[in-house]
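Engineer: Have a look at this prediction, sequence included:
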Amino acid sequence: MSLDRMDLNLLRVFDAVYEDRNLVLAGKRLNLSQSAISHALGRMRQVVGDDLFVRTGQGMVPTVRATKMAGQVRGALAQIRAALGVDLFVPAEARRKFVVAANDYITSLLVGRLSQRLSAEAPMVDLVVRPSTRLDLAGQIDVGRIDIAIGIFSDIPSRFQSMKLWQQTDVLLLHRNHPAADRELSKEDLLWYPLVVVSLGGEEEGAVGGFILERGLARQSEMFDRRALERGYSGEDEVPRVRVSVAHSLAMPALLSYSEMIAVLPSSLARELERFGELKIHQMPYDCPDVDVTAVWHERNDSDPGMVWLRQQLTDVARQVRGR
């Protein structure tokens, strides 16, 4: 393939079709007709020597070659815009969509506060939150369909950049009418009272040690430290019983109401739930390490003015979460 044959506008068409998976939507994005988009795709197919997209009932499905190209094409377009100075980001005037991946409790802690900031400072900027539990999270960051992922990661590949938002640890949460609510909890209490935890994916989805590894990125799937729990009872005949495991952390208040179960939860979430008055936090009766909640993005977006601005907003909002 010779670059002399490539009209760089074709890359913009490719990127739009890859993002929207629909010729009409891609045309609206670029202010082009559907026939113009089809013609541009045809020219790019000739240059690349690949179909790039296959029309199906679910839209334009990218080929393997297109999927491999997508992230690099988006990064190249971002670099060209930056070099030409057309990527300036003025929050009050900007029209842009940011896609953030997070689980439900991080969404509840961050997104409400972030949305308030967007309304005040960047009223024409849209925010889309995707579940960080999707198995192709790293791949979605690679191709640019997710701008930032927020969660707990044990491994972050070198192609990604990251920053710590806050630190948390495991705590216990129980209803205020629980028989043990007004005293310090012991290790024996966790053997006597059944536990409820949040697990977003188990061994059946490839989780090892509470983390799922994909494309070099290891993300937390269990919202508690199972290894710390097991170490806390090392050498003893029993370990605490997990009676209920749920995928949605915001179901906890209903599960703990009028129940003798005890929840093992991240401290940031437990503080949020405790403030409504029905639930009480207790410290773990064994050592449990602190972990970092981290924002991760692709290195090609490190200097993007809009992304720089978004990361600053996340940093400011995370400071509010830490301060509670």
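Structural biologist: Thanks, I have the structure now.
Engineer: Show me the protein divided up by domain.
Structural biologist: Following automatic domain parsing, one finds the domains of the chain at 3-68, 96-161+292-322, 170-289.
Engineer: just so I know, which of these lies nearest A78?
Structural biologist: For A78, the closest of these is domain 96-161+292-322, at 5.8 Å, according to Cβ to Cβ. Where you see a C-beta, it was placed from the backbone N, CA and C, and this is true even at glycine.
Engineer: returning to that earlier point: in TSV: the domains of the chain, plus mean neighbour count and mean pLDDT.
Structural biologist: Converted to TSV, those look like this (neighbours: other Cβ atoms under 10 Å; pLDDT from 0 to 100):
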stretch	mean neighbour count	mean pLDDT
domain 3-68	16	85
domain 96-161+292-322	18	89
domain 170-289	17	87
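Engineer: for the ones you listed, which one sits closest to R81?
Structural biologist: Proximity of these to R81 was assessed by Cβ to Cβ; the nearest stretch is domain 96-161+292-322, lying at 8.7 Å.
Engineer: chain center to the closest one, what's the gap?
Structural biologist: For domain 96-161+292-322, the distance between its averaged C-alpha position and the chain's averaged C-alpha position is 7 Å (Cα atoms, centre = their mean, to the nearest Å).
Engineer: With stretch 147-162 instead?
Structural biologist: Distance of stretch 147-162 from its chain centroid, counting by Cα atoms, centre = their mean, is 9 Å.
Engineer: With only the CA atoms kept, save that stretch in PDB.
Structural biologist: Extracted in PDB, the C-alpha atoms of stretch 147-162 (Å, rounded to 0.1, in the frame of the first residue of the first chain):
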ATOM      1  CA  ASP A 147     -12.000   6.900  26.800                       C
ATOM      2  CA  ILE A 148     -11.300   6.200  30.500                       C
ATOM      3  CA  ALA A 149     -11.800   3.100  32.600                       C
ATOM      4  CA  ILE A 150     -12.100   3.500  36.400                       C
ATOM      5  CA  GLY A 151     -11.600   0.500  38.800                       C
ATOM      6  CA  ILE A 152      -9.100  -1.600  40.700                       C
ATOM      7  CA  PHE A 153      -6.400  -3.100  38.500                       C
ATOM      8  CA  SER A 154      -3.500  -5.400  39.500                       C
ATOM      9  CA  ASP A 155      -1.700  -5.000  36.200                       C
ATOM     10  CA  ILE A 156      -1.700  -2.100  33.700                       C
ATOM     11  CA  PRO A 157       0.100  -2.700  30.400                       C
ATOM     12  CA  SER A 158       2.600  -0.100  29.200                       C
ATOM     13  CA  ARG A 159       0.400   1.200  26.400                       C
ATOM     14  CA  PHE A 160      -2.000   2.600  29.000                       C
ATOM     15  CA  GLN A 161      -1.500   5.600  31.300                       C
ATOM     16  CA  SER A 162      -3.100   5.700  34.800                       C
END
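Engineer: What are the contacting residues of it?
Structural biologist: Among residues not part of stretch 147-162, those counted as contacts by Cβ atoms under 8 Å, 6 or more residues apart in numbering are 98-103, 106, 110, 132, 137-138, 141-142, 165, 211, 213, 215-220, 291-299, 301-302, 307, 310-311, 314.
Engineer: Quick one: mark the members of the residues you listed that sit in helices.
Structural biologist: When DSSP state H is applied, the contacts of stretch 147-162 are split such that I106, L110, L137, A138, I141, D142, M307, L310, R311, L314 fall in helices.
Engineer: quick one: which of the domains of the chain is nearest L77?
Structural biologist: domain 3-68 (6.1 Å).
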